[in-house]
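Visitor: got a predicted structure plus its sequence, pasted below:
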Amino acid sequence: MKKTILFLDQQSWLGGAQRVLDSVLGSLETEFDPIVAFPNKGPFRSSLEERGVKTLTIPIGNYRSGRKSYLEMAAFAIRSAICGVLLATVIRRRRVDLVYINGPRCLLAGVFAAWLTGRPSVFHLHLILTRRTELFLVTRLARRISRIIACSHAAARSLLNDDTRLSEKTEVIHSPVPVRNDPIPERPPGNIRIPSPCFTVGTVGRITEVKGQHLLLKAAGKLPPQVRAKIRILIVGAPAPASKADIRYAEGLKAIAYRYDLTENIVWAGYQTDLASWYGSMDVLVHSALWAEAMGLVILEALQMGIPVIATRIGGIPEILRDGTNGLLVTPDDEDALGQALSLFIENSSLREHLQEGARSCLDDRFTLKSFSPEIRTLVCRLCNLPNSNGSSASDEKFAAWK
């Protein structure tokens, strides 16, 4: 009989953490029976249900990005405690063997439910913790977690710098980029056509301030006229559902485009589920995140398709990009530095060809399912007291202190 794992996710649309969770589910589907809990309905949840994965709803509610008031934090804590009790009932009724927490917003509910039922738990950390309140809460709750998976060394450091004792239960498993076997479509789907006089500069991800799309527009707007005339900007992504801050930010982006006379240079693709053809339309991906990003899955996806990347030198991004080899790294929150990198990429053909070759050849095995899947299976099998996939007990060495 298969062991049952309860996965807790904080959003039901397909972001980077959800793409990684999908890889986790794929790595475990033959040996375990998953149940995935979401706060609401959404495209990621629907896709899992279509594949026969069991799902359920937890009333954890929304918790907006950015600074929160004490009232908002207190209300969220109360909802999380209620969810913990409800989840404990689910764990007992469905005989769940392991609680897998895929993000910090579910951490309190998951830790409480695991504690009430005596079940082991996993916390998958997909971001770099920066706010003092966030760090305080996460590190205290993480002490009750059985194992912690960090998607990058930068993500692990953000946690371990606050509490070194957590190193004994923390392991870095880099997020993978799925292997594509299907051919890349020649053009994006639907009615959108990308006019391309020379170069298409793309950005992919949620439209929100921390992703820094405004820096790309301002950098492009300041390019010399002869360089700016050669580019089209492809923006793939949308504001988070029901996020007023994201919607205001998206409106601000269109105002910036108008101010810099970029309206005719930009294609707004909106939210997309199949990104292959959109990446295939790009000459370079720009990822101008403002805050420390733990990994940047879109960077991995672009490199997998041979697309060079210009990104900010921040968080876990330097663990992926080799400056001058498969991309260019620039100073965070610096539109002038980003503009210089764009101009260099467009005007220097030998550098451009070198970066394109590097993008095709410099994505190493750390970021593949070939490495990711056995590490995830080993960790989960050990917590569930099962032999791993080669028939032997999972090695304790996998859980040695992270250095």
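Guide: That came through, no problem. Numbering: from 1, shown residues only.
Visitor: show me where this protein has strands.
Guide: 3-9, 32-38, 54-57, 98-102, 121-125, 147-150, 170-172, 199-204, 231-236, 266-270, 284-287, 309-312, 327-330 (DSSP state E).
Visitor: elements contacting the last one?
Guide: Strand 327-330 sits against strand 309-312, helix 335-347, helix 349-361, with contacts defined as 3 or more CB pairs under 8 Å, 6 or more residues apart in numbering; DSSP states H and E. Placement of C-beta: from N, CA and C, glycine included.
Visitor: before we move on, what about the third one?
Guide: With contacts taken as 3+ CB pairs under 8 Å, 6+ apart, strand 54-57 sits against strand 32-38, helix 43-50.
Visitor: now these in a markdown table, with distance to residue 162 and mean pLDDT?
Guide: Shown next, in a markdown table, are the helices and strands packed on strand 54-57 (distance: least, CB to CB, whole Å; pLDDT from 0 to 100):
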| stretch | distance to residue 162 | mean pLDDT |
| --- | --- | --- |
| strand 32-38 | 27 | 96 |
| helix 43-50 | 30 | 94 |
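Visitor: so which of the ones you listed is nearest residue 16?
Guide: Smallest distance to residue 16 across the helices and strands packed on strand 54-57 (CB to CB): 11.4 Å, for helix 43-50.
Visitor: what about the residue of the chain positioned farthest from its centre, distance to residue 220?
Guide: What lies farthest from the middle of the chain is residue 226; by CA atoms, centre = their mean that is 35.6 Å. Distance, residue 226 to residue 220, using CB to CB, to the nearest Å: 13 Å.
Visitor: one more: residue 1?
Guide: For residue 1 relative to residue 220 (CB to CB), the value is 57 Å.
Visitor: residue 301 now?
Guide: 22 Å.
Visitor: check residue 100 too.
Guide: Applying CB to CB to residue 100 and residue 220 gives a distance of 41 Å.
Visitor: which elements pack onto the biggest helix by length in the chain?
Guide: The residue-count maximum for a helix in the chain (DSSP state H) belongs to helix 70-93. Where contact means 3+ CB pairs under 8 Å, 6+ apart, helix 70-93 is packed against strand 3-9, strand 32-38, helix 107-117.
Visitor: need those in CSV (columns: mean neighbour count and distance to residue 140).
Guide: Compiled in CSV, those are given as follows (neighbours: other CB atoms under 10 Å; distance: least, CB to CB, whole Å):
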stretch, mean neighbour count, distance to residue 140
strand 3-9, 23, 18
strand 32-38, 21, 23
helix 107-117, 23, 9
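Visitor: thinking again about what came up before, so for residue 377, which of the helices and strands packed on strand 54-57 sits nearest?
Guide: Short answer: strand 32-38, nearest of those by CB to CB, at 9.1 Å.
Visitor: any idea how far the closest one is from the chain center?
Guide: Distance of strand 32-38 from the chain centroid (CA atoms, centre = their mean, to the nearest Å) equals 20 Å.
Visitor: list the strands paired with that strand, with their directions.
Guide: According to DSSP bridges, strand 32-38 forms sheet pairs with strand 3-9 (parallel), strand 54-57 (parallel).
Visitor: what would those look like in CSV with distance to residue 333 and mean pLDDT?
Guide: Formatted as CSV, the strands paired with strand 32-38 follow (distance: least, CB to CB, whole Å; pLDDT from 0 to 100):
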stretch, distance to residue 333, mean pLDDT
strand 3-9, 30, 97
strand 54-57, 38, 96
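Visitor: neighbour-wise, which of residue 100 and residue 220 wins?
Guide: Higher neighbour count among residue 100 and residue 220: residue 100, with 31 against 26, using other CB atoms under 10 Å.
Visitor: and that one, how far is that from residue 27?
Guide: 12 Å.
Visitor: with residue 359 instead?
Guide: Distance from residue 359 to residue 27, by CB to CB: 26 Å.
Visitor: again with residue 382
Guide: 14 Å.
Visitor: residue 141 now?
Guide: 25 Å.
Visitor: who has more neighbours, those two?
Guide: Each of residue 141 and residue 27 has its neighbours counted (other CB under 10 Å); residue 27 has more, 20 against 17.
Visitor: contacting residues around residue 156?
Guide: Contacts for residue 156 (CB atoms under 8 Å, 6 or more residues apart in numbering) come out as 125, 150, 170, 172, 402.
Visitor: can you pull the pLDDT of it?
Guide: At residue 156, the pLDDT value in this model is 94.
Visitor: can you tell me the closest non-neighbouring residue to it?
Guide: residue 150 (3.7 Å; CB to CB, 6 or more residues apart in numbering).
Visitor: run a quick neighbour tally on that neighbour.
Guide: What residue 150 shows, counting by other CB under 10 Å, is a neighbour count of 28.
Visitor: beta-bridge partners for it, please?
Guide: Residues in beta-bridge contact with residue 150 (DSSP bridges): residue 125, residue 172.
Visitor: can you list the low-confidence ranges for the stretch 301-403 of the chain?
Guide: 362, 388-403 (pLDDT under 70).
Visitor: what count of nearby residues applies to the nearest residue in space to residue 343 that is not next to it in sequence?
Guide: Once flanking residues are discounted, residue 343 sits nearest to residue 227: 5.3 Å by CB to CB, 6+ apart. Around residue 227 there are 17 other residues, counting by other CB under 10 Å.
Visitor: just the pLDDT for residue 227.
Guide: In this model, residue 227 carries a pLDDT of 91.
Visitor: hang on, isn't it packed against residue 341?
Guide: No. Contact between residue 227 and residue 341 fails when scored by CB atoms under 8 Å: they sit 12.0 Å apart.
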